[in-house]
Structures are given as structure tokens and as C-alpha cells.
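>>> let me see the structure of the following:
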Amino acid sequence: MVGFREENSVVIELGSYTTRALRDITDINTRPSVQVRTRAGILKPEETEKTGTANKPEETDGGAESSIKTTEDESAKKDDTDNASTNESSAEKKAEDNANGETETQEPSYIFGSALENVEPGTLESVTDIMSNGFVSDWDALSAFLRFILKELGIRIAENYSPILFAIPPTWSKTDQECLVQIAFEHLNAPGVVISEQPLMTVFGNGAVSGLVVDIGHATTTVSAVIDSCIVPSSVVQSPVAGQMLTEHLRTLLLADEGFIAQFDDPLQITAEFVTALKESGLCKFELSSAAADEADNDGDADASAAGNTPATFEYADKKYTIPKVVLHTAPELLIHPPSTYTPLSSIIKQVILMCEADRRVPLWENINIVGGSSQIAGLKEYLQFELESTVLATSNIFATSQAREIKFASLPDYFSGWRNCDHMATFVGACIVAKYTLNDPKHNVTRAEYNDRGPSIIHRKEP
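Modelled structure (predicted):
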């Protein structure tokens, strides 16, 4: 049995918007040292020539290819004569291809993270999301992206002694998992690999083995049921009502407010970056009182209503703007009450729970786990609880003893002192916990020797 040290172990949580990674899981209270947008920029060919090969992940420590390329390089150095003749042959073939109208395919040069954020737009050929709606849209970009992450963690591909646990979306197929295992061993040179699904990690992070997981991400909201450490088959439901749609909705509300528009010379200055910054500023939040606004109006509480409409001040790019509070409090309600063409979140939750056996539903109602970057909007849990109690519990007598009389939301245990106010990152906490006992357990991890003997499909013979 191969033994791995905890200080060398790596946890990577793959998200459609943000990917988190940590090396050294000795202390569970340690937050991820790498948090990077899951997207890639491809430099124009002429920019690659100007900057040399430094921007090509395949030729840097963080993007070295597998040992196959290293062996080829060493062999080429030993025989200069053969190398020269090969170059002549390649040149002749290239000239022949050009004469026939064929062009040589050049490997793309990817950039990520801060380099991508700060690069001159004119030097980029394209920018692509590596994952979309929970699925990988470009496996080559993902491979280069993971090599970049290992470099950020201080790991050399050629001397990689770090086993990796990947936390992946529950929608990935077996083929997707096999592709990831192949990248891990052949491109990252990992000595061991474990793949676990994110809903399981979320429930474990919150100290349970059963629960309902609501992951409100950038492009999708995913609801899934976990019972006794297993995701219930066919219980995973996705909705496009998520952070990206909320950003677009908030921008629409702002553009419809004449007073707000008057603060800009050109409405085009209200960019997606501006709206995203406003959404994440903490000013945009759920107001539980708005859920019972009709009751408040019936009581004639005009003074409270006037106070609630006091504009908020938002500072962006060294300039202050006044934002109507009615917009800031109305926009987030899209996540709970989307347009009629979409299913409300409360209905999706009820649908997923009803997919489970009747006698297993109560633990799900009493342990709802809210995670994801877009779940950080203040007041979300309270507002959702109000909505569920008014729409679901009102009919609980239909389901008799199989229906919960109380709805509870999970939180990270208090003994995780380093994760206070970080319930939205429970998935990563659970992944670190699981990595502690799976990366050294042959029942769970896949070693390089096993991969060489059985191939990528060996991952399905391991317990999740």
C-alpha cells in the first residue's frame, strides 16, 4: 500500500465559475489557498511569438506535459544527426502542406487567473468558460487549467508526490470522470486520485450523512438529495435560475429607474462588472418584510415603507452612486420567485424530496444545505424558509408521518472556527475531511499502478 502525507495532499473543487484548491489538509480550518475563475484566455499566435514560450502551459513547471515528452526530449539530445534529419523532413513536409493549401495547427497558449484579468484585450484570441452549466466544455483547457493550479500550489509536475481529491458536480457522466482521471495521471503526474461528488461533500462538511443540497451557482441551481452517504438516483434537478440570471435581472431593474440612470452620462457605463460588484457588495439582499408586504400595507405602516425606500450608497471606481433600496431588495427575489416560464425553487425542492422514499423524507426537510457563490446574499435562508413554510408545511397533513412539521437549514459546525460565516463553502470543507481518510485508503483511491493496469475505468470500481 502506498502511503501519502497529509501535507502533500491536494483538494480541488471544480466549479463552473470558481475553482478552489488547497495543498496540505493537516488542519481542516485552513481555507483554500487558490480561488480562481474557471475560464481560460487564448493568446493570439503573434502574441505567443512575442512573449516566447513562457505563456504556454505545456512548457512551464505548472504546465509540463507527461513524462512521455521528457523521454522524447532526452532521446533527441542524444542523437543530433537524427534530430537534424527529422527537422529537415518536417520542414519539407510543412512546405509541401503549405503548397497544398494546408496549414500547421498550433497548440493554443492559455492564460488564467490574474494574468487573464490584467492582459491587454487586443492580445487575446478568445476567452472561454472551461465549464458551462456544470459540464466541461473544453477538456484541453481544463488540462492546462489544472496544471496551472498545481503550479500555483507550488507543485512541480515532474516531481509530483501529491495525491488529489477532485470534488465534481453530480451531473458528470462516467465518461467525464474517466477523462478527469486520465488528465490527473497523464498530464498532472498525480500518484493517486479520488473523485467525489459535491453534494456528498456538502452534507459531510455540515456534519451529517443525509440532507438536501441546494447549490446556487453562477449559471445553474442544482438541487439533490443525499441519503446515508449516497446521492439518490435521478434526484438531481437543475434550474438556470442562478447568479448570472440574477445579475441580468438586477441590471434590468437599474436601467428602468430614471433617477439611477441620471447619474450616468451613458447607460452603457452600467456594465456587467458594475452590476456584479453591486450584487456582491452586501447591499443587494433579501428583505423578509417584503414577503409580507401586502400585510404591512394593510396595516397602514406608511412610515416603515418610506424608511425602506431610502436610497443606499454604493461606491465603485472612486465614485459614489445612490441605489434605490426597492431595487436592491426586489432583485434577489428572482432566485425564489422566477418568471412563470421557470419552476420556483420551493417547487424544485419539494419535487426532489418527493422522489425519495416516504420514510426518508423527514431528514431531508430537517437538513437543507444551501451552498454556492450566489447563496451568499443576505437573508436567503430566512426568506426561503418563510416561502417553504407557507407553501409546503401548509399541506403537510397530506403526507401524514412522512412529512416534516419543521424545516431546518444546516450550517457548518462551530468547531470549524476557521470557516465562520462561510456556510456557502461547506462543499470544500467536506472535501478536505473526506480527503483525510480516502487518499490513503485503497478502497477509495486509485494509484498510478492501478491506472496503468486497468485504465481510466478503474475509478468506477472504487467506493465514492
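>>> okay, and the helix or strand of the chain with the least pLDDT?
helix 67-78 (a mean of 40; mean pLDDT, DSSP states H and E).
>>> state the distance from residue 266 to residue 314.
18 Å (Cβ to Cβ, to the nearest Å). C-betas here are computed from N, CA, C, even on glycine.
>>> the two: who's more crowded?
Neighbours were counted for residue 266 and for residue 314 using other Cβ atoms under 10 Å; residue 314 has more, 18 against 7.
>>> now do the same for the more buried one: helix, strand or coil?
strand (DSSP: H, G, I helix; E, B strand; the rest coil).
>>> which residues touch it?
The neighbourhood of residue 314, defined by Cβ atoms under 8 Å, 6 or more residues apart in numbering, consists of 278, 281, 283, 320, 321, 322, 323.
>>> hmm, 7 Å instead?
278, 281, 283, 321, 323 (Cβ atoms under 7 Å, 6 or more residues apart in numbering).
>>> if I look at the third one, how far off is residue 372?
Which is residue 283. 20 Å.
>>> surely residue 332 and residue 285 touch.
Yes: between residue 332 and residue 285 there is a contact under Cβ atoms under 7 Å: 6.5 Å.
>>> and for these two, which residues touch both?
With contacts taken as Cβ under 7 Å, 6+ apart, residue 332 and residue 285 have residue 377 as neighbours in common.
>>> the two: who's more crowded?
Between residue 332 and residue 285, counting by other Cβ under 10 Å, residue 332 is the more crowded of the two (24 against 18).
>>> now do the contacts for the more buried one.
Residue 332 makes contacts with 246, 284, 285, 286, 377, as judged by Cβ under 7 Å, 6+ apart.
>>> would you say it is within a strand?
No: applying three-state DSSP, one finds residue 332 to be helix, outside a strand.
>>> in three-state terms, label residue 286 for me.
Quick answer, by three-state DSSP: residue 286 is coil.
>>> report the contact partners of residue 331.
246, 249, 250, 253, 284.
>>> not counting sequence-adjacent ones, nearest residue to residue 376?
Distances taken as Cβ to Cβ, 6 or more residues apart in numbering place residue 424 nearest to residue 376, at 5.2 Å, with adjacent residues excluded.
>>> wait, that neighbour touches residue 371, no?
Yes: between residue 424 and residue 371 there is a contact under Cβ under 7 Å: 5.3 Å.
>>> who has more neighbours out of these two?
Neighbour totals were compared for residue 424 and residue 371, and residue 371 leads with 27 against 19 (other Cβ under 10 Å).
>>> and which of the contacts of residue 314 is nearest residue 113?
residue 281 (22.9 Å; Cβ to Cβ).
>>> quick one on the thing from earlier: compare residue 283 and residue 372 (neighbour count), which wins?
residue 372 (27 against 16).
>>> restricted to helices, list the contacts of residue 314.
Among the contacts of residue 314, the residues falling in helices (DSSP state H) are residue 278.
>>> strands - which of the contacts of residue 314 land there?
321, 323 (DSSP state E).
>>> neighbour-wise, which one of the contacts of residue 314 leads?
Sorting these by how many neighbours each has (other Cβ under 10 Å) puts residue 278 first, at 24 neighbours.
>>> just list whatever residues bridge to the closest residue to it other than its chain neighbours.
Nearest residue to residue 278 in three dimensions, chain neighbours excluded: residue 314, at 5.7 Å (Cβ to Cβ, 6+ apart). Beta-bridge pairing for residue 314 (DSSP bridges): residue 321.
>>> for residue 222, same thing?
Assigned bridge partners for residue 222, using DSSP bridges, are residue 215, residue 238.
>>> distance-wise, check it relative to residue 35.
20 Å.
>>> out of the two, which sits in the more crowded spot?
residue 222 (25 against 16).
>>> so what's that one up against?
134, 170, 215, 236, 238.
>>> so can I have CSV of those showing distance to residue 186 and neighbour count?
Output for the contacts of residue 222, formatted as CSV (distance: Cβ to Cβ, whole Å; neighbours: other Cβ atoms under 10 Å):
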residue, distance to residue 186, neighbour count
134, 24, 21
170, 25, 18
215, 30, 27
236, 29, 20
238, 30, 20
